[in-house]
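Trainee: The amino acid sequence is not available; the structure is as follows:
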């Protein structure tokens, strides 16, 4: 994992303007836009938004004051750090220019170089997830013996997994368990945004990045004085399905706000990216694979700005492709070779089906009835030669409970209720034609 001293030096709080690692004009523009929007603003308020140390921000404001862009609106009682600032006429003019360049208001960015180094440091080596950790993560699932050995090594290596098999057998649930497992490992430092070629790119997404709260003393002991432009988060998990489009994998420029939103794989760095229902996206499987074949091999991705400038960024996440389609019809051998682990999540046998059914009875507080279970398997699976699916016990028992609730009777299992639930649940396509 990360070399803590080296990582700490990257995320250390900037004390001087040249330690920010970004052009001073970016911070000046942020100050101008905030003052234009809010009028009189204290240094404390500016610090909360821009996330730069108050003393450094005071130094920047002092320079802006000398250039007649800002003026002191109110002097505080405890020195310069309590001052309130406002724009001058010259500052107002310059703020309009700042809005022409971008309307972004938020944390000051860090450099793409600092971001790349920090991500690589926090994704190098093994994750140190052991068999017991993986077993605990999937303990709520009924899976074949030794299933944890199929996914544990890939989770540790942080590479890629191809989950395949018939629908309704838990591929998505397995992937969600992996995401929860990763979230429980060591946290990750991610900057709120980065700057590339003078452009701002948002990285942190509140729907994906979950802040990790740590005691201030422990935080200081482990990481020193971190720059507030960086946040400490759980390992991120990005999950997409059929709604995925190709443009979600590229930098997205907002022509009105004039800054970029990072692509999904950038937001997933250090965590997991699940492509669920692979093969059913609005983008073709071949186009998606062509987009990622080089990053999967090299662990680096290439993003393009509107100006045509191409930048290299780390591609360091556990990629999971999950599909119920035939892998041979979706991808070629060259791509499959680049995916480290191929894991089949197959249909359960009758023994596993019984275990799942009994567990669902416990969850939904319905007494298990052996006669009803035998009736279910014989009439609704063996006779019509229907394939067992792991999801069926849950859905059938939920339907039985709904029927009982409608009748105002305590939920229970009987062959008759099983039949009524199954007639509502299964569709016999041959009879309906």
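Mentor: Alright, I've got the coordinates. Here the structure is a predicted model, which means the values were calculated and not measured. Residues are numbered from 1 along each chain as shown.

Trainee: C-alpha only now, for contacts and for neighbours.
Mentor: Fine.

Trainee: How confident is the prediction for the closest residue in space to residue 386 that isn't next to it in sequence, by pLDDT?
Mentor: Using C-alpha to C-alpha, 6 or more residues apart in numbering and skipping residues adjacent in sequence, the residue nearest residue 386 is residue 380, 7.0 Å away. In this model, residue 380 is scored at 95, pLDDT.

Trainee: From residue 65, how far off is residue 380?
Mentor: Distance of residue 380 to residue 65, given as C-alpha to C-alpha, to the nearest Å: 80 Å.

Trainee: Low-confidence ranges, the stretch 301-433 of the chain, go.
Mentor: Residue ranges of the stretch 301-433 of the chain with pLDDT under 70: 332, 334, 428-433.

Trainee: for it, what spans make up the strands?
Mentor: Listed in chain order, the strands of the stretch 301-433 of the chain (DSSP state E, counting those that start in this stretch) span residues 310-314, 318-323, 341-344.

Trainee: Give me the residues contacting the second one.
Mentor: Around strand 318-323, the neighbours that count as contacts under C-alpha atoms under 8 Å, 6 or more residues apart in numbering are 154-155, 158-165, 171-172, 175, 270-279.

Trainee: In helices, which of the residues you listed appear?
Mentor: 154, 155, 171, 172, 175 (DSSP state H).

Trainee: Quick check, the fourth one in contact with residue 276.
Mentor: The reference is to residue 172. Yes: between residue 172 and residue 276 a contact is recorded at 6.9 Å, counting by C-alpha atoms under 8 Å.

Trainee: can you give me the helices in the stretch 151-300 of the chain?
Mentor: Taking DSSP state H, counting those that start in this stretch as the criterion, the stretch 151-300 of the chain carries its helices at 171-183, 216-223, 264-267, 285-298.

Trainee: I would like the residues contacting the third one, please.
Mentor: Right, the one you point to is helix 264-267. 203, 204, 205, 208, 236, 238, 248, 249, 273, 314, 315, 317.

Trainee: Tabulate those (TSV), appending neighbour count and distance to residue 42.
Mentor: Shown next, in TSV, are these (neighbours: other C-alpha atoms under 10 Å; distance: C-alpha to C-alpha, whole Å):
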residue	neighbour count	distance to residue 42
203	22	27
204	23	26
205	16	27
208	17	31
236	26	34
238	20	37
248	14	38
249	17	39
273	26	41
314	22	38
315	25	40
317	28	40
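
Trainee: got a markdown table for these, with distance to residue 106 too?
Mentor: Shown next, in a markdown table, are the contacts of helix 264-267 (distance: C-alpha to C-alpha, whole Å):
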| residue | distance to residue 106 |
| --- | --- |
| 203 | 12 |
| 204 | 12 |
| 205 | 13 |
| 208 | 18 |
| 236 | 21 |
| 238 | 23 |
| 248 | 22 |
| 249 | 23 |
| 273 | 26 |
| 314 | 24 |
| 315 | 25 |
| 317 | 26 |
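
Trainee: Residue 86 sits in which helix or strand?
Mentor: strand 84-87 (DSSP states H and E).

Trainee: what does that strand rub up against?
Mentor: 32, 35-36, 39-43, 69-76.

Trainee: among those residues, which ones are buried?
Mentor: Buried members of the contacts of strand 84-87, scored by 16 or more other C-alpha atoms under 10 Å, are 32, 35, 36, 40, 41, 42, 43, 69, 70, 71, 72.

Trainee: Residue 208: what's it in contact with?
Mentor: Residues near residue 208 by C-alpha under 8 Å, 6+ apart: 236, 237, 238, 267.
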